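Asker: show me the folded form of this:
(2 chains)
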There are 2 protein chains.
Amino acid sequence: MVSSDPGPGGTRRVTLTEVARRAGVSRSAASFALNGRTDLRISEETAARVRLAAEELGYSPNTTAKTLRTGKSGTVALVSDFIGTTSFANAMVRGALQTLRAENTLLYTVDTQGDPEVEATLLQNLRDRDVDGFLYASMFTREVEIPPLARNTSLVLLNCVSSDVPAVIPDERSAGQTAASALLEAGHRDDIWFIGSFPPGFTGAAAWNEWSPLALTERLDGIEAALRAAGAALAGTVPIDTDWDVENGRAAVARLLTSGTRPSALICANDALAIGAYHALAEAGLKVPDDVSVIGFDGSPLIHAVLPRLTSVALPYEELGRVAARMLLEGASSSAPHRIPMPLVHGGSIAAPADRR
Amino acid sequence: MVSSDPGPGGTRRVTLTEVARRAGVSRSAASFALNGRTDLRISEETAARVRLAAEELGYSPNTTAKTLRTGKSGTVALVSDFIGTTSFANAMVRGALQTLRAENTLLYTVDTQGDPEVEATLLQNLRDRDVDGFLYASMFTREVEIPPLARNTSLVLLNCVSSDVPAVIPDERSAGQTAASALLEAGHRDDIWFIGSFPPGFTGAAAWNEWSPLALTERLDGIEAALRAAGAALAGTVPIDTDWDVENGRAAVARLLTSGTRPSALICANDALAIGAYHALAEAGLKVPDDVSVIGFDGSPLIHAVLPRLTSVALPYEELGRVAARMLLEGASSSAPHRIPMPLVHGGSIAAPADRR
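Answerer: Numbering: from 1, shown residues only, chains lettered A, B, ... in the order given. Coordinates of the predicted model:
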C-alpha cells in the first residue's frame, strides 16, 4: 500500500518505528533515547541499543519535525473546514495522526467552520505558536483558495486542490469506473440509473456551505466512461431535492418508480442515498438485489445497517491522511494532485439482472 | 436549554454575540472593534457603536480568554483519547467550538489515542504554547485519572469524571428510565429483554482500550428502577460476544430467538446493537414494531438507516461540548458532575405488544 511507498519524489526514509522495532523497544522509548532524555527510566544499555539500531538502519530525523533533535516534539496542524467535527470524514485526522505519531510529531486539529475570518485568526495563532507545517483539509473534495498565511509554510492539501500546491485527493473518476464495472460484470447493461445528480442551478446543499463537491462530476464521468467502453449508457439521472441524505434518496427513487420505470440497477452518489433507495424499493415491494441491484459511494458505517449489506466504493480517508502527513514530513514539492485509489467494498447488493436469471 | 442557563455557580454573562447583535455588526467585527484593531476595515463610527453596545449590556471579556483584551485570541485545547478521530462522538468538539467561537476563543483539538506517553507530551507541548485552559474529553463516559500536567490549569472534564474536577457527563441513569418508560407507556410489561450486557470477566471491547463505559451499568440501573416502580422486571439480559456493533447485536438476538424465547420488546445497549436486532428479527420473519418493539441508545446517524426508523435515547454530544466550554470560560469550580439529560428521539420502532392489540 501507499503508506510504505517511497512517497512522491524521494527514496524511502527509515522511520522511528523501524528503529524501535530493531532495538526491541517502544517507539516512545526510541525517541527519548535518541533525544538523550534522562527523565524517563531508560537504561544506558537500552539507549545504546537504540542508537546502534538507528545507525545500522541509516535513520535520520526528518526535516519538518526538526525540533526532534532538540528533544522537543515537532508539531504540525491540520486546518480544516469541518472534518474534525464531522462524522466519518475525520478518519482523515486518524490517518494523519498514525503517520505523524510514528515520527514523534504532534498534531493539532482546528476547524474553521468555513469562516475565512476564523481561518485567518487560527492560522496566525498557530504560526505565533511555532507550528512547523500545515495540512489544509476539506470535508469535501473541492477546489480551495489557499489563504496567504498558509502559503509561506510547509503545506500539503488534504482532500482538496489548488494550483501549484502539493495535494492528496481520492481518485473519484476511477471510483466511478469501478462502480459501473461492478454492475457490468454482474450482467447489467440497460436500465442503469444514477441517483443524486443536482437539479438546475443547485451547486451544493446548505449544510455544505453550498460548496460543489468534485466527487459528483468525477464519479459521473467515470461511470459514463466505463459504460461507454462497454457499449452501454446510463438510462438516466435522478436529481435530489436538497441534500445527499437517506430521505432525499428515498424520495428520488420513489419518484423514479412512480413514473413507471423499472430500473435494473441504481448507482447512488453516496451511501446515504443508497440506503434511501433500499427504503423506496422495499416500500414498492422490490427486493435488493433480486429485483434491483444497488451500489453506493463512500464506504461509510451506514453500509452495515442494511440487509443485504450495501456494496460501496470507499473513500480512502485514513490513507489520504497518512499520505498527506508523509508528504508534509518529507517536504513534497510536486504540484499534480496525488490520487488515492478508492477500493470496492463488497456487500450483497449486486446480483445478475432479474430478467437474466 | 442549558446553553442559555446561567451555568453552574454564576450569574449569566453577556456574550460577545449579544454585543454584536445589538450593534448590528458581525461577531468578528465586534471583537476587532473592542480590541482596537485597525487592520480590518471597521469605521470609527462602527467601533463606537460596538463600544456603546458593550457598555449598555455590561459586557466584559471573560477570564479564561483574557488575552482577548490584548487583541490576541484566547486559545483552549480539547485533549481527548479518540473523539477527534471517532465518528459521531466528535459532535462534542462541534458543541465546544460553537460556544468558544461566540467568545472569540480558538480551539485546538488533539487526540492521544489512549497513550499516556503521547498525552504527557501533548500536554507539555500545549502548555509551552500558552494555551489558556483544557477540556479533557473521552469517547466513552468513564472514570479517568487526570495527568499531573493538566491539574494546574483551567480544566473541565467532558464526558468523563474524576473526583474534585468539574465535569459534564450525560445523565445515563435517567436515560435508562426514559427507555423503560417508553415501553411501559406502550403497554409492555413482560418479556422485555436487555441486549448488550457483558459476559463474565469482560470489561470492554478491544477497540475501546478495554475501558468499561459507565453507560452500561447506569443505563441498566435506570431501566431496572423504572420497571420496578411499575411492578415489572426485565425478563433477562443477553450478553454480547466481543463488541457493541451490528453483528454482535444480530448474533445475540438470534441466540435469544433460537432458544425459543419470544420477546415482547428489546432494549439494546446502543443503536448498532439495535440495528443488529432488526436484522435477526427480519431473518426470523418477525416485524418491528408489530411483533417486537425495539429501542436503542445514542441517537446516532444509524437510526435513519432502518425502516421503521429506530427510537433511541440520544447522547447529547453537542450540548455536552457547549456546557463544558461554558464552564471552562466561566471558571467553574463545582466538583459534582454536571449531568445533561438524554432526550428520547421518536422513530417508529415501538408499538403496543402483539398480544394486546
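Asker: now do the helices in chain A.
Answerer: Using DSSP state H, the helices of chain A run over A:16-23, A:27-34, A:44-57, A:91-102, A:116-128, A:148-151, A:172-185, A:214-229, A:246-258, A:271-283, A:317-329.
Asker: distance of the residue positioned nearest the centre of chain A relative to A:Met92?
Answerer: The residue lying closest to the centre of chain A (CA atoms, centre = their mean) is A:Tyr317, at 2.7 Å. A:Tyr317 is 5 Å from A:Met92, where distance means CB to CB, to the nearest Å. Any C-beta I mention is one placed from the backbone N, CA and C, and that applies to glycine too.
Asker: for the helices of chain A, give me JSON lines that also has mean pLDDT and distance to chain B.
Answerer: Converted to JSON lines, the helices of chain A look like this (pLDDT from 0 to 100; distance: least, CB to the nearest CB, whole Å):
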{"stretch": "helix A:16-23", "mean pLDDT": "82", "distance to chain B": "12"}
{"stretch": "helix A:27-34", "mean pLDDT": "72", "distance to chain B": "4"}
{"stretch": "helix A:44-57", "mean pLDDT": "81", "distance to chain B": "15"}
{"stretch": "helix A:91-102", "mean pLDDT": "85", "distance to chain B": "4"}
{"stretch": "helix A:116-128", "mean pLDDT": "84", "distance to chain B": "4"}
{"stretch": "helix A:148-151", "mean pLDDT": "79", "distance to chain B": "13"}
{"stretch": "helix A:172-185", "mean pLDDT": "98", "distance to chain B": "20"}
{"stretch": "helix A:214-229", "mean pLDDT": "95", "distance to chain B": "19"}
{"stretch": "helix A:246-258", "mean pLDDT": "97", "distance to chain B": "5"}
{"stretch": "helix A:271-283", "mean pLDDT": "97", "distance to chain B": "5"}
{"stretch": "helix A:317-329", "mean pLDDT": "91", "distance to chain B": "9"}
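Asker: closest to B:Thr217 out of those?
Answerer: Proximity to B:Thr217 (CB to CB) singles out helix A:91-102 among the helices of chain A, at 29.0 Å.
Asker: list the helices and strands that closest one packs on?
Answerer: Contact partners of helix A:91-102 among helices and strands, from 3 or more CB pairs under 8 Å, 6 or more residues apart in numbering or on different chains; DSSP states H and E: strand A:74-80, strand A:105-111, strand A:154-161, helix A:317-329, strand B:105-111.
Asker: B:Asp191 is nearest to which of the helices of chain A?
Answerer: helix A:271-283 (27.4 Å).
Asker: now whatever residue of the stretch 201-350 of chain A ends up closest to chain B. Nearest residue, chain neighbours left out?
Answerer: Proximity of the stretch 201-350 of chain A to chain B (CB to the nearest CB) peaks at A:Ala305, 3.6 Å away. Spatially, and ignoring its direct neighbours in sequence, A:Ala305 is nearest to B:Ala305 (3.6 Å; CB to CB, 6 or more residues apart in numbering or on different chains).
Asker: now for the closest residue to A:Gly24 other than its chain neighbours, how many residues are close by?
Answerer: Closest residue in space to A:Gly24, ignoring its immediate chain neighbours: A:Arg49 at 7.3 Å, by CB to CB, 6+ apart. By the measure other CB atoms under 10 Å in any protein chain shown, the count of residues near A:Arg49 is 17.
Asker: one more: A:Ser349?
Answerer: Neighbours of A:Ser349 under the rule other CB under 10 Å: 26.
Asker: A:Lys171 reaches A:Ile340, doesn't it?
Answerer: Check again: residue A:171 is Asp, not Lys. Yes: A:Asp171 lies in contact with A:Ile340 (CB atoms under 8 Å); the separation is 6.2 Å.
Asker: between the two, which one's more packed in?
Answerer: A direct count of neighbours by other CB under 10 Å for A:Asp171 and A:Ile340 places A:Ile340 higher, at 22 against 18.
Asker: residues in contact with that one?
Answerer: A:2, A:168-171, A:316, A:319-320, A:323 (CB atoms under 8 Å, 6 or more residues apart in numbering or on different chains).
Asker: partners of it in the sheet?
Answerer: A:Ile340 has these beta-bridge partners by DSSP bridges: A:Pro170.
Asker: pLDDT at it, what is it?
Answerer: Reading off the confidence values, A:Ile340 has pLDDT 95.
Asker: do A:Leu155 as well
Answerer: Value for A:Leu155, per-residue pLDDT: 90.
Asker: what of A:Pro200?
Answerer: pLDDT at A:Pro200 comes out at 86.
Asker: now do A:Ser334
Answerer: For A:Ser334, the model assigns a pLDDT of 65.
Asker: so who does the nearest residue to A:Leu328 once chain neighbours are set aside touch?
Answerer: With sequence-adjacent residues excluded and distances taken as CB to CB, 6+ apart, A:Leu328 is closest to A:Val156, at 4.6 Å. Going by CB under 8 Å, 6+ apart, A:Val156 touches A:133-136, A:165-168, A:324-325, A:327-328, A:332.
Asker: near chain B at all, stretch A:344-357?
Answerer: No: shown here: stretch A:344-357 not in contact with chain B (CB under 8 Å from any CB of the partner chain), separated by at least 12.1 Å.
Asker: ok, longest strand in chain A?
Answerer: Longest strand in chain A, counting residues (DSSP state E): strand A:133-143.
Asker: flag every buried residue along it.
Answerer: A:133-142 (16 or more other CB atoms under 10 Å in any protein chain shown).
Asker: direction included, what does that strand pair against?
Answerer: strand A:74-80 (parallel), strand A:154-161 (parallel).
Asker: that one: how far from the chain's middle?
Answerer: Using CA atoms, centre = their mean, to the nearest Å, the distance from the centre of strand A:133-143 to the centre of the chain it belongs to is 10 Å.
Asker: now swap in stretch A:311-331 and tell me
Answerer: On CA atoms, centre = their mean, the centre of stretch A:311-331 falls 6 Å from the chain's centre.
Asker: what of stretch A:115-132?
Answerer: The mean C-alpha position of stretch A:115-132 is separated from the chain mean by 24 Å, CA atoms, centre = their mean.
Asker: picking up where we left off before, quick one: which of the helices and strands packed on helix A:91-102 is nearest B:Leu310?
Answerer: Per CB to CB, nearest to B:Leu310 of the helices and strands packed on helix A:91-102: helix A:317-329, 25.7 Å.
Asker: tell me what the closest one is packed against?
Answerer: Against helix A:317-329 (3+ CB pairs under 8 Å, 6+ apart) you get helix A:91-102, strand A:133-143, strand A:154-161, strand A:167-170, strand A:338-340.
Asker: do you know the pLDDT at the spatially closest residue to A:Pro308 that is not a sequence neighbour?
Answerer: Closest residue to A:Pro308 apart from its sequence neighbours, by CB to CB, 6+ apart: A:Gly348 at 2.9 Å. Note on A:Gly348: pLDDT of 97.
Asker: tell me which residues touch A:Gly348, please.
Answerer: A:289, A:308-309, A:311.
Asker: could you find the closest non-adjacent residue to A:Leu126?
Answerer: A:Ala77 (4.9 Å).
Asker: how close does that neighbour sit to B:Asn90?
Answerer: 17 Å.
Asker: out of those two, which sits in the busier spot?
Answerer: B:Asn90 (32 against 25).
Asker: my guess is that one meets A:Asn90, correct?
Answerer: Yes: assessed by CB under 8 Å, B:Asn90 is found in contact with A:Asn90 at 5.7 Å.
Asker: count the neighbours of the residue nearest to A:His304 when sequence neighbours are not counted for me.
Answerer: Among residues not flanking A:His304 along the chain, B:Val246 sits closest, at 4.7 Å (CB to CB, 6+ apart). Neighbours of B:Val246 under the rule other CB under 10 Å: 25.
Asker: so what's B:Val246 up against?
Answerer: Contact analysis of B:Val246 by CB under 8 Å, 6+ apart lists A:304-305, B:272-273, B:275-276, B:279.
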